[in-house]
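Colleague: A predicted structure for the sequence below; I have some questions about it.
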Amino acid sequence: MYSPYFNKNEKLIKLSDQLINDIKKKNAVKSKAELWKIIGFVDKYIDLKFRKICNDLLERFENFLIVEKLEADPLLKSNLLLTTLKENNLEILIDKHISKTSTIFKRSIDVSSDYFLQKYSYEKAIQNLKSRYQKKEDVKKYLDKESFNLLNIHIDAFYIIEKLRRAIDTITWNKQFKTEIEVDIKFIPQLIKGIELNKYPAIEIYWLIYKMLTIENSEEVYFNLKEKAKKEIYGFPKSEQVEIFDALFSYCVQHVNRGNLDFYVEYLGIQDWGINEELILQKGILSPTSFRNYVIAGLRIGEYQRVEQYINKNIHLLESTRQDNALNFNLARVNFYKKNFNETVSHLNKVSFDDIWYNLNSKSLLLAAYYELDEIFVLDSTIESYSTFLRREKSIHDNYRKLHLNFVKFLRMITKITNPNTKKVQSLKEKIIAEKQCINKQWLLDKIDELPN
């Protein structure tokens, strides 16, 4: 803002300083009339003039963002400079810049579609220089048969990658929102046949993602994609790294939801990778849902130590206001699976019930722990108070209310069975199996099976 290139208006600087200072200190933004005086006007407030100053400030800010983005993209920056040198007939600088840009491309680790687009633009600019500087040997040396072939290959690579990315987006959109948008990539397989995929990892990776989403029994494709992605991930910009991670992660989730035990291990591994590479994080924050799902998946396959390490290692990645509840609730879960029921109760007693999700799930887990500890008097009392809460609390969604009420109902029925007989127990078991809206169904069924005959 202080650069004369961006701004020569002192009032814009004062307005910018005031707004930035208020934002940083989280102060309420001052009124227009107050800002009018702060930036140096002594005459009566004129709204049109003030709006013009605000608009000018916004334009300077937008130009600043453009320059910052350009500075972060050396390939685009070099291509724009080459074009500008040509337009201004700065022949003396062209050869030097061609050599410098060529080195930048050679050293780049980028394998994304944008790399191929910029490489195409660069080679096209070199070819366009030929007619103007036909006699210049310093330019002619950059022109050969290979450069003309690469021009076609690079524009094809850009087209293939972007076409596959759009197809993948469309397929994902169709699955999520039950739409029927058509995906036309009929030319892509033919183009891919003429390319050595090992030289173009981005094409291979997006082609594998597309196949993983479109063919049945694609587990082998998934494992090939995972191996390739982990090897090449650093050649992609962060946004595309996240795309590739999301494809692998979503595939694991689908198989976990189908009960495929092999993919529970894959799910844990992919999420670990996503955390290490910061691909699953949003501005450095891990969502509570991802955190909980990892714990659930690990516990279901008996990875107790791995889950406990995950909790203690990654709890700091959650928002600070969520950390205490997440830590205690998930450690309670771990201890429940390990049959350390006193530890389960101890951790649950540290959970704050201000959050309705933690309120419901902590109390349900607490009931199960009391049952396992044979604390029947405490259990009966807690069931009564919890049932009343579930019926009266208006903030509970009806579906969640029913899920938890049915759990409480069936648990109470189990506790009332003092002299079990086969017919009575079997009848209750069938009711639980038939009820679609009930949490912890498997645990309830296990408790019925443990009843004495």
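Modeller: Nice, I can see it. Residues are numbered from 1 along each chain as shown.
Colleague: so the residue most central in space within the chain: helix, strand or coil?
Modeller: Note on the chain: the residue nearest the mean C-alpha position is I280, at 4.4 Å, using C-alpha atoms, centre = their mean. Following DSSP: H, G, I helix; E, B strand; the rest coil, we place I280 in the coil state.
Colleague: how far away is it from T321?
Modeller: The gap separating I280 from T321 is 20 Å, by C-beta to C-beta, to the nearest Å. Any C-beta I mention is one placed from the backbone N, CA and C, and that applies to glycine too.
Colleague: thought L191 was touching D156?
Modeller: Yes - at 5.8 Å, L191 and D156 qualify as touching, with contact defined as C-beta atoms under 8 Å.
Colleague: so V295 sits in a helix?
Modeller: Yes - if the criterion is three-state DSSP, then V295 is within a helix.
Colleague: nearest spatial neighbour of it, skipping sequence neighbours?
Modeller: Distance criterion C-beta to C-beta, 6 or more residues apart in numbering; nearest residue to V295, sequence neighbours excluded, is N330 at 4.8 Å.
Colleague: quick check, that neighbour in a helix?
Modeller: Yes - checked against three-state DSSP, N330 lies within a helix.
Colleague: and it, what does it touch?
Modeller: When contacts are counted by C-beta atoms under 8 Å, 6 or more residues apart in numbering, N330 is found next to F291, R292, V295, V307, I311.
Colleague: Q442: neighbouring residues, count only.
Modeller: 9 (other C-beta atoms under 10 Å).
Colleague: report pLDDT for it.
Modeller: Looking at Q442, its pLDDT is 95.
Colleague: quickly find the element holding it.
Modeller: Under DSSP states H and E, the secondary-structure element containing Q442 is helix 441-449.
Colleague: for F105, same thing?
Modeller: Take DSSP H and E as the rule and F105 turns out to sit in helix 91-107.
Colleague: run the angle between the helix or strand following that helix and helix 91-107 for me.
Modeller: The C-terminal neighbour of helix 91-107 among helices and strands, as given by DSSP H and E, is helix 113-132. Helix 113-132 runs at 150 degrees relative to helix 91-107, counting by axes from the mean of the first three to the mean of the last three C-alpha atoms, to 10 degrees.
Colleague: elements contacting helix 113-132?
Modeller: Judged by 3 or more C-beta pairs under 8 Å, 6 or more residues apart in numbering; DSSP states H and E, the packing partners of helix 113-132 are helix 74-87, helix 91-107, helix 137-140, helix 145-177.
Colleague: what's the separation between L208 and V256?
Modeller: Using C-beta to C-beta, we find L208 at a distance of 20 Å from V256.
Colleague: can you pull the alpha-carbon coordinates of the host helix or strand of Q190 into CSV?
Modeller: For Q190, the enclosing helix or strand under DSSP H and E is helix 188-193. What follows is helix 188-193 as a C-alpha-only set of coordinates in CSV (Å, rounded to 0.1, in the frame of the first residue of the first chain):
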residue,chain,number,x,y,z
ILE,A,188,-9.2,-39.2,-24.3
PRO,A,189,-8.3,-42.9,-24.4
GLN,A,190,-7.1,-42.5,-28.0
LEU,A,191,-4.9,-39.5,-27.0
ILE,A,192,-3.5,-41.4,-24.0
LYS,A,193,-2.4,-44.3,-26.1
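Colleague: what packs against the helix or strand where A33 lies?
Modeller: Secondary structure assigned from DSSP H and E places A33 in helix 32-38. In terms of contacts (3+ C-beta pairs under 8 Å, 6+ apart), helix 32-38 is packed against helix 10-24, helix 47-71.
Colleague: follow-up on the earlier one: just the buried residues of the helix holding Q442, please?
Modeller: By 16 or more other C-beta atoms under 10 Å, the buried positions in helix 441-449 come out as K441, W443, L444, K447, I448.
Colleague: check stretch 194-214 too.
Modeller: By neighbour count with 16+ other C-beta under 10 Å, stretch 194-214 contains the buried residues 195, 200-210, 212-213.
Colleague: so which of the contacts of N330 is the most crowded?
Modeller: V307 (24 neighbours).
Colleague: contacting residues around that one?
Modeller: V307 makes contact with Y294, V295, G298, L299, N330, V334, according to C-beta under 8 Å, 6+ apart.
Colleague: what helix or strand is it on?
Modeller: Taking DSSP H and E as the criterion, the element that holds V307 is helix 304-314.
Colleague: pLDDT on that helix, on average?
Modeller: If you average the pLDDT over helix 304-314, you get 98.
Colleague: out of the buried residues of helix 441-449, who's nearest V111?
Modeller: When the buried residues of helix 441-449 are compared for distance to V111 (C-beta to C-beta), K441 wins out at 47.2 Å.
Colleague: distance from the chain centre to stretch 50-64, please.
Modeller: Put simply, stretch 50-64 sits 33 Å off its chain's centre (C-alpha atoms, centre = their mean, to the nearest Å).
Colleague: brain fart, stretch 331-344
Modeller: On C-alpha atoms, centre = their mean, the centre of stretch 331-344 falls 30 Å from that of its chain.
Colleague: next: stretch 374-387.
Modeller: Once both centres are worked out by C-alpha atoms, centre = their mean, stretch 374-387 turns out to sit 41 Å from its chain's centre.
Colleague: just to revisit the earlier point, out of the helices and strands packed on helix 32-38, which is closest to S108?
Modeller: Each of the helices and strands packed on helix 32-38 was checked against S108 via C-beta to C-beta, and the shortest separation belongs to helix 47-71, namely 15.7 Å.
Colleague: by how many degrees do the closest one and helix 10-24 diverge?
Modeller: Using the same axes, to 10 degrees, helix 47-71 lies at 70 degrees relative to helix 10-24.
Colleague: can you check what angle separates helix 47-71 from helix 74-87?
Modeller: Helix 47-71 runs at 100 degrees relative to helix 74-87, counting by the same axes, to 10 degrees.
Colleague: neighbouring contacts of helix 47-71?
Modeller: For helix 47-71, the surrounding residues in contact (C-beta under 8 Å, 6+ apart) are 1, 6-7, 9, 11-12, 15-16, 32, 35-36, 39, 76-77, 80.
Colleague: low-confidence ranges, the protein, go.
Modeller: Along the chain, segments meeting pLDDT under 70 span 1-8, 129-148, 420, 453.
Colleague: so what's the residue count around the nearest residue to Y358 once chain neighbours are set aside?
Modeller: Excluding its sequence neighbours, the residue lying closest to Y358 (C-beta to C-beta, 6+ apart) is N325, at 5.0 Å. Residues near N325, counting by other C-beta under 10 Å, number 21.
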